[in-house]
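Peer 1: Model the structure of this input:
(one chain, ligands or ions: 1)
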Amino acid sequence: MNHALLRVLLVEDADDDAQLLLRLLRKEGYVPDYQRVDNRTDLAAALATSHWDLIISDYAMPGFTAHDALEIYKQAALDIPFIIVSGHIDDVSAVAAMRAGAHDYLLKDNLARLAPVIARELDEVRVRIAKRRAEQELRFHAYHDPLTGLLNRREFERVLEMAVCAAQRDCSQHVLCYLDLDQFKLVNDTCGHVAGDELLRQLGANLSHHIRASDTLARLGGDEFGLLLSNCPLDEGMRIIASLQELIRDFRFPWRESVFQIGCSIGVTVLSAETAAAGEAMSAADVGCYVAKELGRNRCHVYQADDQELAQRRREMQWISRIGAALEANRLALYQQPIYRIGAGAAPVLAGHEILLRMIDEDGTLIPPNVFIPAAERFKLMASVDRWVVRRLFAAIAARQPRCALAGDDLLLFVNISAATVNDAAFFDYVQQQLAEFAIPPHQVCLEITESAAIANLAATTPLFARLRQLGCRFALDDFGSGLSSFGYLRHLPVDFVKIDGGFVRNIACNPIDLAMVEAINKISHVMGLQTIAEFVESEDVMRALQELGVEYAQGFLLGRPQVLVDADDAPPRGA
Ligand SMILES: Nc1nc2c(ncn2[C@@H]2O[C@H](COP(=O)(O)OP(=O)(O)OP(=O)(O)O)[C@@H](O)[C@H]2O)c(=O)[nH]1
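Peer 2: Numbers count the residues shown, from 1 in each chain. Next up is the predicted model:
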């Protein structure tokens, strides 16, 4: 038999009856810890001051009934089983008492059911408590960061939105801070993530004890915290921030043999009637924090409008890691767009493909080249990107991958190279080695460079083109015509094809100036012994005009859209 402590509140005027109940409880193995009350005041006081597992109440007492007791019990809003044990109670009164909140009723001369009823009610209360706890926990997790117990980013943004609305409505001022710990990575790297977690937990708790009750602190993720100082002008906000900085400066985090001291960069912005949206305020505080880092870390910076310029630089810098990661993880895909030989009165004949590059971001979205290539150029990643394309393409052809229609054919591969690659002294050797490794016939490869990049790097372009042409590779000048001064340069560049800028081609059927430009480029190219390719051929009218002019090749949506050639998940080639 179990001996379970049972804290029981007896609402009973007769001590004899109370003792009888207690004896019964003991017989059933309970160890009752009890109090007897017989009036409203004592009952209310007992409920308010002690914790009870069970209430057993008589039905009718002098000047006091179970209904009165139930009323007080309901006001206390406690989840305690309430059982009526009465000398005589008619069915109507019993049902009324159950409706008023009693869990069961028994007659004093038949208490055989008492033990099972108590066991059942205690069980049910346990189930209700467990359910409530689980619900509370779920609610807590929806709004809180599991590591620190502070609010999470989503809840912080909700509170921030309310503050922005309040500022717009009643011109109140609030201060928003974005806190990012300095060199936090060091703690993780030297002592492991468990130490880093503990530091975040301790610092979060310290900060939360230090702010006003009306303020909101949240962990936004990683080592970043958000703080909203409600109804607070900037000067008062700066005083609070200064005291938080002091607290962080004084904070010591001991871990095994080491003691860490941590710095924090803080971006600050004011929410006022002019604040348009919570997202805008959040981004201003984030930019402020970035500037604080740039200025040397461990400081606070109030966001200024011209900080955006710095932030733009940061966004650009992020491309370095995005492109680097994409190269590393082979998250680049090759597409091919057909180029046809066109002749007056004859059906176009497939002559080759231009190889186009797409980047796939970490979340699977396709990034077009006009978005990431300018960034790759700015951050000197294009030479690596070009090498990646060459190797990936050659490997795909050598492996005769199913989508690769080029293998074994005499079709040309037009591969774009950048100005950076032209200036890469080792590129010639690289291409030579790749051609040999994958047994690609050099005459199938036509390297394309834009007219402007070729001219801007003339000193490097000419010898590279000459050497690669000796191997058998061919060259095309891309976007020809966009830099109008370039006819003279054609004489100096050892190229085979001129790709006429699509900006002229697109409208030749309706714009006589564009038609004249294309005609001139075509004529001069032919006089120099070069063949011409028209880009952006999108309609039959344009195609007819090109055939009449005697342009040799055409490329554009009319003839074929870019198709996947090598997907990001195709097996990558081994090696550099
Ligand atoms: N321990 C722990 N580390 C985390 C958690 N979330 C993110 N981190 C790490 O926190 C670091 C945050 O990166 P950054 O803010 O860029 O690094 P930092 O060293 O603080 O550098 P600065 O902010 O430039 O001073 C990264 O190393 C993450 O891996 C976490 O929940 N626990």
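
Peer 1: Return the set of buried residues in the one helix or strand Lys131 maps to.
Peer 2: Assigned by DSSP states H and E, Lys131 falls within helix 114-143. For helix 114-143, burial by neighbour count (16 or more other CB atoms under 10 Å) applies to Leu114, Val117, Ile118, Glu121, Leu122, Val125. Every residue, glycine included, has its C-beta placed from N, CA and C.

Peer 1: Quick one: mean pLDDT for stretch 363-381?
Peer 2: Mean pLDDT, stretch 363-381: 82.

Peer 1: Which residues of this structure lie near the ligand?
Peer 2: Taking CB under 6 Å from any ligand atom as the contact definition, the chain meets the ligand at 147, 180-185, 188, 193, 196-197, 200, 222-223, 293, 297.

Peer 1: Can you flag the buried ones in the residues you listed?
Peer 2: Counted by 16+ other CB under 10 Å, the residues of the chain next to the ligand give Asp180, Leu181, Asp182, Phe184, Gly196, Leu200, Asp223, Lys293 as buried.

Peer 1: Any chance of CSV for the buried residues of helix 114-143, columns pLDDT?
Peer 2: Formatted as CSV, the buried residues of helix 114-143 follow (pLDDT from 0 to 100):
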residue, pLDDT
Leu114, 93
Val117, 95
Ile118, 95
Glu121, 95
Leu122, 95
Val125, 94
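
Peer 1: one step back: mind putting the buried ones among the residues of the chain next to the ligand in TSV, secondary structure and pLDDT included?
Peer 2: Formatted as TSV, these follow (DSSP: H, G, I helix; E, B strand; the rest coil; pLDDT from 0 to 100):
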residue	secondary structure	pLDDT
Asp180	strand	97
Leu181	strand	96
Asp182	strand	94
Phe184	helix	93
Gly196	helix	96
Leu200	helix	97
Asp223	coil	96
Lys293	helix	89
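
Peer 1: Out of those residues, which comes closest to the ligand?
Peer 2: The ligand has its nearest neighbour among these in Gly196, at 2.5 Å by CB to the nearest ligand atom.

Peer 1: Without its sequence neighbours, what residue ends up closest to the closest one?
Peer 2: Leaving aside its sequence neighbours, Gly196 sits nearest to Asn188 (CB to CB, 6 or more residues apart in numbering; 4.2 Å).

Peer 1: And the helices in the stretch 451-576 of the chain, which stretches?
Peer 2: Using DSSP state H, counting those that start in this stretch, the helices of the stretch 451-576 of the chain run over 451-456, 458-471, 487-490, 502-505, 512-527, 540-549.

Peer 1: if you average pLDDT over the helix or strand harbouring Asp16, what comes out?
Peer 2: Using DSSP H and E, Asp16 sits within helix 15-27. Average pLDDT, helix 15-27: 94.

Peer 1: same thing with stretch 478-489?
Peer 2: Averaged over stretch 478-489, pLDDT sits at 72.

Peer 1: how close does the residue in the stretch 401-550 of the chain that the ligand sits nearest to get to Ala399?
Peer 2: Of all residues in the stretch 401-550 of the chain, the one sitting closest to the ligand is Ala420 (28.1 Å; CB to the nearest ligand atom). Ala420 is 28 Å from Ala399, where distance means CB to CB, to the nearest Å.

Peer 1: Right, I'll leave it there.
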